[in-house]
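Participant: Have a look; sequence and predicted model below, questions after that.
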Amino acid sequence: MALISLLSFGAFVWYIGRTAARICRPSLIEWLITSFILFAGSIIITGFCLSALNLTGTAWAWAIAVFIPPTLFAVVFSKLAPQATNFSPLKMAISRWHAAQRWYVSGSVYLRFLFGIMIITLAIIGITNLLLVFFTVPNEWDSMTGHLNRVIQYIQRGTMAHFGGTNWNIDTYPKSVCTIQIYSYLMTGRFENAFKLIHHLSYWITLVSVFGIAQRITKNLLNASFFCALAFAFFLDFLMQAVTTETDIVLAAYLSCLLYFLFTYRVTGENRYLYLAALSFGIVYGHKVTFTLLLPSVFVVMIYTVFLQGAKGKGQKKENVTLRINWPAIFRLSIAIVICFCLWTLPTGYVKNIQQFGHPIGPPTSLKHQSIERATSNGGYRNLFEQGSRNVVRYAYDFVNLDGLRNVEIGQDINRRMRLPLVWLEDKLRMRLDEETEFSIIPFTFERRFEFFNGNPYWGIFGFALVFPLLFLVFFGVVRSPAHWFLAVAVLLHFAALSYSAPYDPWKGRYFQETGVFGVLFLTLLFTHKYSLEKSGYSGALKTYVGVVTVTACVSALLAVFLNVRCLPVSVLGKPSAFNIERIAMMTFARPDITKAYQTFDRLVPDSVTVALGTINDDFEYPLYGKHLTRRLIPIRPFEQPLRPIPAGTDYLMYAKSDTIALFRPLPTDIRLGTDTTMKGVIVKGEDYYLRKLK
């Protein structure tokens, strides 16, 4: 059965590629991006339909049904935007490979050095991350409590319908990414690490999209396009999620595809890109509600790429082109977005959240914890402006860090000295960044915990040393570039949205991945402007500066990957390699005080039994499914709901001994699983867990 599933998966990927070749222009970059969007869109809408039929966990249903959406895509696009040219992606890939070789050889010594070190670094990171994806189990906090936990529940239940999980994310989080994870898992013969497929694929597709967008902005200047793509590969917040099952990297991939189609429409004026942009819009909004914070930024890009159209009269110079509103394009894009929103966004769970909780995001508790209500409830919008403005400065301070390098002591020392003027300035201005805690999930500190900057860094040196200086030069008109001015507005709008919409959170580095998709495009100015690396009279100083920043970024990226304590490729820092860590110990890395308890549970409870869980919101549940993910877990303490009775036929009860679950006082026959309740320094302390055999 596993072989048949793999063959079906391979046939689907081939069919997607063939369909994409019939939709897009003859371009390898465009073919890859279109294939990705069709791949995700086809699986997502198939998953919604199979869930309604209670076939979510049925491999044969997936193997057949997933071919229907790409067939419909081909029919629809053949009517709306027929493609007369057919091409072979394989032949084009070979041609582009030879062209890339010629491009590299033809560069100056400086550029060959610059690109050479970036390519070598990316190759090392790429191979390492691929091995980590294939041979290490997931262990991210949100995945252990929510993301992967609910995926297994959906497979076991045969539907993605609301069921009331222990963690609020299980029922409230949009379900579109679950469909891709379920399909990948079932079609690879229930290979657990296939849950990471869409996330790792998103890393590479985003780089392809950034390359393509840079080409549209610079009119196919390869130096600028390659530098942008390679630089974004080392944006640390983006890089760190390439081996995880976190959702932000997938959002970045969808967003990058959307931006590519918008910029390509501006260059070509072909309607097919409006429809592909609308499809990307529906998919990305259905992926995660935080895309709402990106809507102003995306709208600004739409103004530049779609809404405004240049009109040049006969004999009129290019710089005198007048702009007019492109009403036909606006109409087509709007209608297409509405249709795609209905098909790919609404079914993912927003409507059910409104029915269940009265809000598309979730229950009031989560809103109060993570939204503007924490500021407006104490001083109204004036207080929100004050606290949000303080968050702007906090995140700006967080950006100015040598993330990656400070994973080692010497790097941390250099980083601390570099930031001394900033700390002095904050003290003199009395901004009280670390004293005011009203609008913070975890209070701001100038020395973030190792766990925070090791696992969730920001952009690294590329951000504060290159991107933001170029951004402000453009925004204030020192460097003139219409495309980049709109991008500058987009970056600043998203930065503000993240600062004012929710309390400060030291884990927020991961949310700035999407900001980085806009921001990295400012690096094209290093090759296109009159003060660029090749044209400026100051090119010697500029080349030295850019070279130092690039080398530092490469070293930072390598240290970020090889010293990522959550998933170490090699034994270092007194810790074993992730390849050699026992499964439960790896999954409970962030909760070391519960490791022994979970290992005891795994040893005592057979793989094929049913277990009732009397656990709480922050408890890791995914490791309890067992090595083969075959245990059936039934949560009896749903988030903010009364305790449910233990279902008939349940074999075991695992519960947390706490005041919130007073019903389960230990019996003399219950087994105390062994949580270390004395451990210090853990982010969230584990409960004291007990196991009861029911039959």
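Facilitator: That came through, no problem.
Participant: Show the residue spans covered by the strands in this structure.
Facilitator: In chain order, the chain shows strands spanning 308-311, 322-325, 610-614, 632-635, 652-657, 671-672, 688-693, with DSSP state E as the criterion.
Participant: Run me through the strand neighbours of the second one, direction for each.
Facilitator: Here the strand partners of strand 322-325, with direction, are listed using DSSP bridges: strand 308-311 (antiparallel).
Participant: can you list the strands of the chain in a markdown table and add mean pLDDT?
Facilitator: As requested, the strands of the chain are arranged in a markdown table below (pLDDT from 0 to 100):
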| stretch | mean pLDDT |
| --- | --- |
| strand 308-311 | 68 |
| strand 322-325 | 78 |
| strand 610-614 | 93 |
| strand 632-635 | 95 |
| strand 652-657 | 90 |
| strand 671-672 | 92 |
| strand 688-693 | 92 |
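Participant: Export those strands to JSON lines and append columns for distance to residue 86.
Facilitator: (Glycine included, C-beta is placed from N, CA and C.) Supplementary listing: the strands of the chain in JSON lines, determined by distance: least, C-beta to C-beta, whole Å:
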{"stretch": "strand 308-311", "distance to residue 86": "30"}
{"stretch": "strand 322-325", "distance to residue 86": "35"}
{"stretch": "strand 610-614", "distance to residue 86": "54"}
{"stretch": "strand 632-635", "distance to residue 86": "49"}
{"stretch": "strand 652-657", "distance to residue 86": "58"}
{"stretch": "strand 671-672", "distance to residue 86": "65"}
{"stretch": "strand 688-693", "distance to residue 86": "60"}
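Participant: nearest to residue 27, of the ones you listed?
Facilitator: When the strands of the chain are ranked by distance to residue 27, counting by C-beta to C-beta, first place goes to strand 308-311 at 22.8 Å.
Participant: And residue 570, its phi and psi?
Facilitator: Torsion angles at residue 570 (phi, psi; degrees, to the nearest 10) stand at phi -130, psi 160.
Participant: you'd agree it is up against residue 564?
Facilitator: No - with contacts defined as C-beta atoms under 8 Å, residue 570 does not count as touching residue 564, sitting 10.8 Å away.
Participant: Who has more neighbours out of these two?
Facilitator: Each of residue 570 and residue 564 has its neighbours counted (other C-beta atoms under 10 Å); residue 564 has more, 21 against 14.
Participant: how about that one, phi and psi?
Facilitator: In terms of degrees, to the nearest 10, the main-chain angles of residue 564 are phi -80, psi 100.
Participant: May I have the residues that are in contact with it?
Facilitator: Residue 564 is in contact with 240, 454-455, counting by C-beta atoms under 8 Å, 6 or more residues apart in numbering.
Participant: Show only the entries of those found in helices.
Facilitator: Taking DSSP state H, the ones among these that sit in helices are 454-455.
Participant: out of the contacts of residue 564, who's nearest residue 590?
Facilitator: Nearest to residue 590 among the contacts of residue 564, with distances taken as C-beta to C-beta, is residue 455, at 8.6 Å.
Participant: per-residue pLDDT, that closest one?
Facilitator: Note on residue 455: pLDDT of 84.
Participant: Residue 564 versus that one, what's the distance?
Facilitator: Counting by C-beta to C-beta, to the nearest Å, the gap between residue 455 and residue 564 amounts to 7 Å.
Participant: where do the contact lists of those two overlap?
Facilitator: Shared contacts of residue 455 and residue 564, defined by C-beta under 8 Å, 6+ apart, comprise residue 240.
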